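Engineer: quick one: sequence plus predicted model below, questions after.
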Amino acid sequence: MTKRTQLALATALVAALVLGASGCSGTKKGSAGAGASNPAAANDGKILGGSPVKGGTLTVLSNQDFAHLDPARNWVMPTMDFATRLLYRTLVTFKAEPGKAGSEVVPDLATDLGTPSNGGRTWTFTLKEGVKYEDGTPIRAQDVKYNVERSFAPDLTGGPDYAAQYLAGTEGYKGPLQGQHLDSVKTPDDRTIVFELKRPVAEFSATATLPTFSPVPQSQEKGTQYDARPFSSGPYKIESYDRDKKLVLVRNEHWDAKTDTVRKAYPDKFVVVMGLKGGQIDDRIIAGEGADASTVQYADMRPESAPKVLPKPDVKARLIAESKGCTEMLFLNNSRAPFDDPKVREAMQYAVDKEAVVTAGGGPALNEIATAYLPPALTGGKQADTLKIAPAGDPAKAKELLKAAGKEKLKVSLSVSTGDKGAAEAIQQGLSRAGIEVVIDTVDPGAYYDVIGDLATTPDMTFTGWCPDYPSGSTWIPFVFDGRTIKDKGNQGNYSQFRDEATMKRIDEINNMADAKQANQAWIDLDAELMKKSPSIPVLLERKPLLVGPNIAGAFGHPVWTGGIDYATVGLKDPSKSQG
C-alpha cells in the first residue's frame with residue numbers, strides 16, 4: 001500500500017472508533033470530542049504509571065534536535081518544558097500538576113510571585129537563599145538581569161519578546177554583549193531584581209515564568225555557542241551534547257530540593273536520542289521491550305500509529321493526548337503578492353479544506369476544526385465562528401473572490417516541518433479546487449523556526465501554530481498580529497508579516513485596560529475583526545498524542561506546555577530495568 005492509503009485506513013479507523021464510542025450523540029462534525037466519547041481522551045487529566053521511584057535512566061526518543069536550549073532564545077513550547085524543568089529555573093514557574101491546577105503560577109527562584117508598585121509599572125522579586133549553579137556558585141539577581149538583556153541581542157534570535165514589549169527604555173537597545181545594560185532592570189543587591197515597565201502589567205508574574213527570566217552569569221557568555229552548553233541552575237546539567245544525535249543530562253549535585261517545590265528530579269539521568277523516524281519511535285514505545293520500556297517520546301505520535309494504539313487497552317493506557325491549547329494556522333505572507341491583496345486572503349479562507357487536514361492529522365480523535373484565531377482556553381471554552389465557512393471550505397466562493405481580484409490562477413510556496421507533510425498535502429489538494437497550485441517544501445523540525453523566522457527565506461505560506469504562554473489574550477494576538485513585532489531574523493509569531501495600523505492601535509488600547517474581564521472580551525472582539533482581514537487561516541485545534549513506555553511513572557500532559565509531558569515529575573517504576 002502507498003503511504004497515502006495507509007494514512008486513509010488509519011484515519012478511517014480512528015473516526016470509526018470515535019463514532020462507535022459516542023453513538024448518535026450528535027457530536028459536531030470534526031470535533032475532537034471529550035471524555036468517554038473519544039478514545040484518545042481516555043487519560044485526560046490523569047497521571048500515568050503511579051508514583052516514580054528515584055534513580056535510573058529515562059530515555060527521550062525524538063525525531064529532532066531542540067530548536068534552542070539557550071534560555072534567551074527558547075520559545076518553542078516542548079523545548080521550554082524540557083529546559084525549564086531540567087536545566088534552568090525561572091523567577092516563577094507553573095505547578096507540576098495535570099488539568100487546571102497546572103496553570104497556577106508558583107515561586108521558583110524567587111521567594112514569591114513578585115511585588116507590584118507604582119500602579120503596576122514596577123515589579124520587585126527577591127531570590128531565595130541557597131540557590132546555586134552546577135559549579136556551586138550562588139545564583140545572583142544580576143544573572144537574571146543579564147539574561148533578560150541578552151534577549152535583545154540581534155545574534156541571539158528566536159526568544160520571547162516580552163522584555164522588549166514590557167520594559168521601559170529599551171528603544172534601540174542591542175543587548176549586553178558590547179557592555180551596554182538596561183536602566184529599567186535594577187539589582188540593588190544580589191538577591192533583589194526590579195523591573196520598570198512602560199505600562200502597568202497586572203500579569204507580569206506569569207510573564208516571569210518564561211526562559212528569559214532565568215539566570216545566565218556573564219562569565220559563562222558564549223554568544224550563539226551558549227545554545228550547546230547552557231550553565232545549569234536546575235536539577236540536571238549537560239554531560240554531553242552531540243547536536244542532532246544525542247543529549248545526556250546527569251544530576252546537578254548543587255541543586256537543592258529544599259529550594260524547589262516543583263521539580264522532583266526522579267531519574268539519575270536523562271538521555272535524548274535524536275534523528276529517529278516518527279513511526280519508528282511509535283513502534284518502539286508501543287512494543288515497550290527492554291530499554292524502550294523506560295522511554296517517552298518528544299514529538300507527537302504519528303497519525304498512522306493511532307490504529308495500533310486506540311483499540312488496544314494496554315497500549316491506550318500509556319497514551320497521553322491532552323489538548324494543546326493552540327491554534328494551528330496557514331500563515332499567508334502579507335508582505336508581498338499575492339497575499340498583500342485582502343481579497344486574495346479572503347478567498348483563501350474559503351479555499352482551504354480543513355476537513356481534509358483533520359483527516360491527515362489523525363482524524364477527529366486527535367484534531368478539531370478551528371474557526372477563529374484565539375484558542376478555546378482564551379474564549380470561555382468555545383471558539384467563535386465569525387465567517388461561518390463549511391469545514392470542507394467553499395471552492396466556488398473562493399474562485400469568485402479570486403476572479404474579482406484578478407487572480408484566477410495562482411502558484412504559491414508552502415513550507416512545513418517534515419512531520420506536517422500530510423497536512424501540507426491536504427492543504428495542497430484543497431487549494432487546487434480553487435485553481436491555486438501549491439509547491440511544498442519540507443524543512444527539518446530542528447531548523448524550521450529559524451527558516452520561517454528569517455524574512456530572507458520566508459515562503460508564501462507556512463503552516464504552524466501559536467500557543468498562549470499563559471492564559472491571557474495578551475500572550476496571543478499581539479505576538480501574532482502586531483506588525484511592530486516583526487524581525488528580519490528570528491521573527492516569531494507574526495509569520496504573516498501582517499502590518500495594520502488599526503489593529504496595532506487597538507492592541508495598545510486593550511493592553512492599557514485595567515479591567516482584565518473587559519480586556520478579555522476586547523481580545524475576542526478583535527479576533528473577529530482580524531478574521532475579516534484574513535492575515536492567516538485558522539485550521540486546526542490539536543491534541544498532543546504522546547506514548548510512554550510500560551516502566552514510566554508520573555507522566556501527564558501539562559496544560560501550559562501544549563500537553564507535553566511534564567519533565568519535573570516524570571520518572572520510572574523500576575529504575576533497575578532502565579538502561580544507559
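Structural biologist: Sure thing, it's come through. Numbering: from 1, shown residues only.

Engineer: okay, which residue is most central for the protein?
Structural biologist: For the chain, M77 is the residue whose C-alpha lies nearest the centre (C-alpha atoms, centre = their mean; 3.1 Å).

Engineer: so that residue touches P559, yeah?
Structural biologist: No - distance between M77 and P559: 11.3 Å, which falls outside the contact criterion (C-beta atoms under 8 Å). For every residue, glycine as well, the C-beta is placed using N, CA and C.

Engineer: quick revisit: A228 versus the residue nearest to the centre of the chain, what's the distance?
Structural biologist: Here the distance between M77 and A228 works out to 21 Å (C-beta to C-beta, to the nearest Å).

Engineer: next one: A356
Structural biologist: A356 is 40 Å from A228, by C-beta to C-beta.

Engineer: between those two, which one's more packed in?
Structural biologist: Between A356 and A228, A356 has the larger neighbour count (other C-beta atoms under 10 Å), namely 20 against 14.

Engineer: wait, a helix at the more buried one?
Structural biologist: Yes - according to DSSP: H, G, I helix; E, B strand; the rest coil, A356 belongs to a helix.

Engineer: got the contact list for it?
Structural biologist: Going by C-beta atoms under 8 Å, 6 or more residues apart in numbering, A356 touches 392, 426-427, 429-430.

Engineer: all strands of the stretch 151-300 of the chain, in order?
Structural biologist: 185-189, 192-196, 236-242, 246-251, 269-273, 295-297 (DSSP state E, counting those that start in this stretch).

Engineer: ok, residues contacting the fourth one?
Structural biologist: Put plainly, it is strand 246-251. Strand 246-251 is contacted from outside by 66, 86-87, 235-241, 265, 268-274, using C-beta under 8 Å, 6+ apart.

Engineer: ok, now the longest one?
Structural biologist: If you take C-beta under 8 Å, 6+ apart as the criterion, strand 236-242 is touched by 86-87, 134, 228-230, 232, 246-252, 255, 265, 269-270.

Engineer: which of the residues you listed are buried?
Structural biologist: 86-87, 134, 230, 232, 247-252, 255, 265, 269-270 (16 or more other C-beta atoms under 10 Å).

Engineer: out of the residues you listed, which is nearest to I47?
Structural biologist: A265 (16.8 Å; C-beta to C-beta).

Engineer: any idea of the pLDDT on the nearest residue to the closest one once chain neighbours are set aside?
Structural biologist: The shortest distance from A265 to any residue other than its chain neighbours is 3.8 Å, reached at P235 (C-beta to C-beta, 6 or more residues apart in numbering). Listed pLDDT for P235 reads 98.

Engineer: repeat that for S413.
Structural biologist: As predicted, S413 sits at a pLDDT of 98.

Engineer: cool, L17 as well?
Structural biologist: Looking at L17, the pLDDT reads 42.

Engineer: and for the one 3 residues further on?
Structural biologist: Turning to G20, the model gives it a pLDDT of 37.

Engineer: likewise for A514?
Structural biologist: 83.

Engineer: doesn't P200 make contact with it?
Structural biologist: Yes - using C-beta under 8 Å, A514 makes contact with P200 at a distance of 7.0 Å.

Engineer: okay, those two: which has more neighbours?
Structural biologist: P200 (17 against 10).

Engineer: in a markdown table: the contacts of A356, plus distance to K186, pLDDT and secondary structure.
Structural biologist: A markdown table is the format used below for the contacts of A356 (distance: C-beta to C-beta, whole Å; pLDDT from 0 to 100; DSSP: H, G, I helix; E, B strand; the rest coil):
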| residue | distance to K186 | pLDDT | secondary structure |
| --- | --- | --- | --- |
| A392 | 56 | 98 | coil |
| A426 | 52 | 98 | helix |
| I427 | 49 | 98 | helix |
| Q429 | 56 | 98 | helix |
| G430 | 53 | 98 | helix |
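
Engineer: buried ones among those?
Structural biologist: 392, 426-427, 430.

Engineer: list just the nearest of those to P311.
Structural biologist: A426 (24.2 Å).

Engineer: return the backbone torsion pair for P478.
Structural biologist: phi -60, psi -30 (degrees, to the nearest 10).

Engineer: quick check: the gap between it and Q297.
Structural biologist: When P478 is compared with Q297 (using C-beta to C-beta), they lie 33 Å apart.

Engineer: how far does stretch 235-250 stretch from one end to the other?
Structural biologist: Taking C-alpha to C-alpha, to the nearest Å, stretch 235-250 runs 9 Å from one end to the other.

Engineer: show me which pair in the buried ones among the contacts of A356 is furthest apart.
Structural biologist: Between any two of these, the greatest separation by C-beta to C-beta is 12.7 Å, found for A392 and I427.

Engineer: show me the shaky parts of the protein.
Structural biologist: The chain contains residues with pLDDT under 70 at 1-36.

Engineer: try it again at 90.
Structural biologist: The model of the chain has pLDDT under 90 over residues 1-37, 67, 278, 362, 419, 445-446, 470-471, 490, 514-516, 579-580.
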